Every structure is written in structure tokens, then in C-alpha cells.
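1. My questions are about this predicted structure, shown below with the sequence.
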Number of protein chains: 2
Amino acid sequence: MSSVARAEASKSEVSRQRILDAAAKTFRDKGYVATRLQDIAEAAGLRAGSIYYHFASKEQILEAVFEIGTRRLRGSVSDAVDALPASATHRERIFTAAHSHLSTLLAQGDYTSANIRNFGQIPEEIQIRHREQRRVYEQDWRDLLENARAAGEIHADADLRVLRLFLLGGLNWAIEWYREGGPVGIDAIAETCCRSLFDGIAG
Amino acid sequence: MSSVARAEASKSEVSRQRILDAAAKTFRDKGYVATRLQDIAEAAGLRAGSIYYHFASKEQILEAVFEIGTRRLRGSVSDAVDALPASATHRERIFTAAHSHLSTLLAQGDYTSANIRNFGQIPEEIQIRHREQRRVYEQDWRDLLENARAAGEIHADADLRVLRLFLLGGLNWAIEWYREGGPVGIDAIAETCCRSLFDGIAG
DNA sequence: GTCTATAGGCTGATAGAC
DNA sequence: GTCTATCAGCCTATAGAC
């Protein structure tokens, strides 16, 4: 009976999800162009031709992965910051946001890191279509930093744009070197980066 | 007469150089896999087939670009730091290194940025072959930071590994957003990042 | 929904003329 | 040294059976 307001996902949705998961992982690891439909199909447990029942083209898979990646990132960070008590300092908010950003990137699936790693090298048309979505997330960060400065928690003459790009860039870069089970955990990275940036490393 | 101890480059060397320049730029912009021999040939002013007089394969072009990229980066940074007076503080050394790193990345050709942008997504075999070269450059940075800490210019309990990866990552990330003639220059970026990291941004 | 089979286009690489 | 011509292989996408 299809009228059960379906409590569980349809077969189609399950496959679609498997394809997206596999694509995100492979895009992240090898890059979009180097990824073959066959790679995605193998990892998703079906044949390459079957993908076209769910997606019209390889590009559409990329766009879906990107869309999910940015949405999840923004969602995680927003949720984490919103969960803080109203009494939280701006510094605490920024730390929480940074931690959530890093955690989403490194531990919560490949959509976000696939997005970040491939964005600069994909066809311009697709970049343009997804730039707006990115801008929204960046705006969240602008607000975080500006509010902190307005409250006097960041000194008045700081260049917030470069600061934002530097902080997020340094965190994003962890994609290139972080390994699960390695010498440093996600908490420690977020902690070190934020504390260093706020308090300085000078002895 | 070929015995003039050749003051100018041979025709072959000129073409080889043109190919490498074109390849570095295209690898940087579109990525290694998405770059066609034809793209390189067009930018270098010859036909795709002619490339094989100079290189045995596309992979060999990549390896040459990588080798040059890392060598130039290390050379620039070393030269800049060595040019400082012996009286320079460790902080000045680190700033100079950061500035030179950034400058090489953003203003001095595409070899270094092609390397940095593609490294994580190329075949593992090539990664391994070039990892040693990278390690040498990273060691330069380890030394810079450790010397600074030993001299008391970085506080004693700092996690230098994460700090190094954070700083270099934040600088490397500028590849993704820096535009020549944009609102912020290279000097300003290096200055903001280093000063923020050393002195902190807390108000 | 997923399969197999294959069309159609592109690209890295080679061969031989000049 | 560089060209043209071409081969061989691969990969996206489609068609039709089940």
C-alpha cells in the first residue's frame, strides 16, 4: 500500500542515496573528473548504466553532492551555535562554529569535503550556480566575526575579511592532512587554532 | 657553432619551457585530469603530438611541474630568510618566510600552486615520489618554529605541528580566493595572518 | 529499477613525412 | 623539432530486455 505515508524510504531513494554517498566519497578522494561512473556504481553496489535511472548526467550527481555538502555544513554550524546559551561569549560562539565546521568536514561524511576540494576546478557554470549557496554560509561567518568585534571581543582594527578567510582556510586545509586515529583529534585542532588566533602564540 | 658554451637556450629548451609553463597554468586552473594535451599544446604554441618529442607522457609533465614547484618554493623561502640580518628576530624570520611562501604561490607563476592544488588527488605512486621533496620543505618550517619557541618567542606549550599546518594551510588557501588587483594585496595578507597569529585578535 | 550491450565521442600516445 | 594522421582504449550516455 503506497498510502502509508511511507515510514521507510522507497527502493529508489535508497539507491539514489547510495549513489550520492559513493559519489561524494570518490569525488573527495580522486576529484570529479577522475571519477568514473563505474567507480561510483561499484561503490554503490550496482552497474554504471543503472545510475541513469536516478540521475540524468554525471554533472547532476556533482550538483546534488555540492548542494548537500553546503547545506549540511551550514546546518551543522548553525545548529551548534544556536544550541549555545544566550549567555555564551562571542568567542565561545566562534569556537563552537569552528569546531562544528571542522567536525562536519572531517568526520561527518564526504559531501562537504568533496565540495570544498573540488569547487575551484569544476566547470565555471556549475561554480556560478553554487556560489550563492556558499555566500549564505560565508555571511553567517561574517556575522559571527562582526558581532564579536562590535562587542569588543575582537580588536577594532582587525581585517575581518582576511581573518575569516585565514581561519576557515586553515581549518579547510585539515582535509589534506588530518587522518582519523592520527596524533591529533578534531577537538584539539579546533582548540589550538582558535586559542592561537584569539590569544596569540607569542611567548 | 655549438661550442660557444651556449649563452642562449636551445630551441628544444625553449619549447620544453613553454610546455611546462602552459602545463603548470592549466593544471592549476582545471586540474591535472581535466587538462588535455591539446590544452597544453595550444597554450604553448604547438600541436599536441609535438609534446612527445619533449616528454614521454602526460604524467612526466606533471612530475616535472611538481618538482619545479616545490624546488622554487623552498628556494624562494630559504633565500628570503637567509637574506635577513643575523640580528633578525625569530618572529621576523617567520613573517618573512610566510610572506615569501605566499608571494611564490600567488604571484610567481603557477608551478607551486599547481602542485599544492593537485597533490591530494593525483595517483598515489606520484604522490609518494614527491612526498620526500615536500618533507624537506616542511622541515624548514619545523625548524623555524622550533627555534622561535626555543628562543621564547613562541610560548612553551604550543602545539607546533598543528600551528604549522594551520598557518601554512591558511596561506595556501589564498589560492582559492586571492585575485590580482583585488581589495587586499599579498603584503597585507601576510601581515594580517602573522600578526593575528602572534599577537592574537582578542580585543 | 537494474541489467547487458553498445553507440559515439574524446584523448593519450605512436608513426612517419618534412 | 614540429607537423599530420591515426590507432587503440576509455568513458559517458542510450536502448531495450527482464
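-> Arrived safely.

2. and the residue lying closest to A:Gln127 once chain neighbours are set aside, what does it touch?
-> Leaving aside its sequence neighbours, A:Gln127 sits nearest to A:Phe119 (CB to CB, 6 or more residues apart in numbering or on different chains; 6.7 Å). Backbone N, C-alpha and C define where each C-beta goes, glycine included. Neighbouring residues of A:Phe119 by CB atoms under 8 Å, 6 or more residues apart in numbering or on different chains: A:66, A:127, A:130, A:134, B:176.

3. got it, and A:Glu191?
-> Neighbours of A:Glu191 in contact, by CB under 8 Å, 6+ apart: A:Phe95.

4. per-residue pLDDT, it?
-> Looking at A:Glu191, its pLDDT is 98.

5. what's the answer for the one 4 residues further on, then?
-> A:Arg195 is assigned a predicted lDDT (pLDDT) of 98.

6. buried set for the helix or strand hosting it?
-> Assessed by DSSP states H and E, A:Arg195 sits inside helix A:186-199. Buried residues in helix A:186-199, counted by 16 or more other CB atoms under 10 Å in any protein chain shown: A:186, A:189-198.

7. follow-up on the earlier one: just the buried subset of the contacts of A:Phe119, please.
-> A:66, A:130, A:134.

8. Point out the other helices and strands that the helix ranked longest in chain A packs with.
-> As assigned by DSSP state H, the longest helix anywhere in chain A is helix A:124-150. Applying 3 or more CB pairs under 8 Å, 6 or more residues apart in numbering or on different chains; DSSP states H and E, one finds that helix A:124-150 contacts helix A:58-82, helix A:90-107, helix A:160-172.

9. a markdown table for those, including distance to chain B?
-> Formatted as a markdown table, these follow (distance: least, CB to the nearest CB, whole Å):
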| stretch | distance to chain B |
| --- | --- |
| helix A:58-82 | 13 |
| helix A:90-107 | 7 |
| helix A:160-172 | 3 |
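
10. so which of those gets nearest B:Ile19?
-> Closest to B:Ile19 of the helices and strands packed on helix A:124-150 is helix A:58-82 (CB to CB; 29.7 Å).

11. quick one: that closest one to helix A:90-107, angle?
-> 150 degrees (axes from the mean of the first three to the mean of the last three CA atoms, to 10 degrees).

12. And helix A:58-82, what's buried?
-> Buried-residue list, helix A:58-82, by 16+ other CB under 10 Å: A:58, A:61-66, A:68-74, A:76-77, A:80-81.

13. now it against helix A:124-150, angle please.
-> Using the same axes, to 10 degrees: helix A:58-82 against helix A:124-150 is 10 degrees.

14. got the contact list for helix A:58-82?
-> A:19-20, A:23-24, A:27, A:32, A:37, A:40, A:51, A:55, A:93, A:96-97, A:99-101, A:103-105, A:108-109, A:111-116, A:118-119, A:122-123, A:126, A:129-130, A:133-134, A:136-137, A:140, A:144.

15. now those: which count as buried?
-> By 16+ other CB under 10 Å, these give A:19-20, A:23-24, A:27, A:32, A:37, A:40, A:51, A:55, A:93, A:96-97, A:99-101, A:103-105, A:109, A:111-116, A:118-119, A:122, A:126, A:130, A:133-134, A:137, A:144 as buried.

16. Now narrow those residues to whatever sits close to DNA strand D.
-> A:Leu37 (CB under 7 Å from any atom of the strand).

17. Quick one: the buried ones among the contacts of A:Phe119 as CSV, columns for pLDDT too.
-> Formatted as CSV, those follow (pLDDT from 0 to 100):
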residue, pLDDT
A:Phe66, 98
A:His130, 98
A:Arg134, 97
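
18. from those residues, which is closest to DNA strand D?
-> A:Phe66 (15.8 Å; CB to the nearest atom of the strand).

19. Name the residues of stretch A:37-52 that are buried.
-> Quick answer for stretch A:37-52 (16+ other CB under 10 Å): A:37, A:39-41, A:43-44, A:46, A:51.

20. what about it, start to end distance?
-> 10 Å (CA to CA, to the nearest Å).

21. Get me the contact residues on chain A for DNA strand D.
-> Counting by CB under 7 Å from any atom of the strand, chain A sits next to DNA strand D at A:35-38, A:48-49, A:52, A:56-59.

22. these two touch, right, A:Gly109 and A:Ala24?
-> Yes. Under the criterion of CB atoms under 8 Å, A:Gly109 makes contact with A:Ala24 at 6.7 Å.

23. pLDDT below threshold where in chain A?
-> Within chain A, the ranges that satisfy pLDDT under 70 run A:1-7.

24. So which residue is smack in the middle of it?
-> A:Thr112 (3.1 Å; CA atoms, centre = their mean).

25. which residues touch the one helix or strand that one maps to?
-> Assessed by DSSP H and E, A:Thr112 sits inside helix A:111-118. For helix A:111-118, the surrounding residues in contact (CB under 8 Å, 6+ apart) are A:20, A:23-25, A:27-28, A:31-32, A:62, A:65-66, A:68-70, A:72-73, A:104-106, A:172, A:175, B:120-121.

26. one more time with 6 Å
-> Helix A:111-118 is contacted from outside by A:24, A:27-28, A:32, A:65-66, A:68-69, A:72-73, A:104-105, A:172, A:175, using CB atoms under 6 Å, 6 or more residues apart in numbering or on different chains.

27. With stretch A:133-146 instead?
-> Contacts of stretch A:133-146 (CB under 6 Å, 6+ apart): A:70, A:74, A:94, A:97, A:160, A:164.
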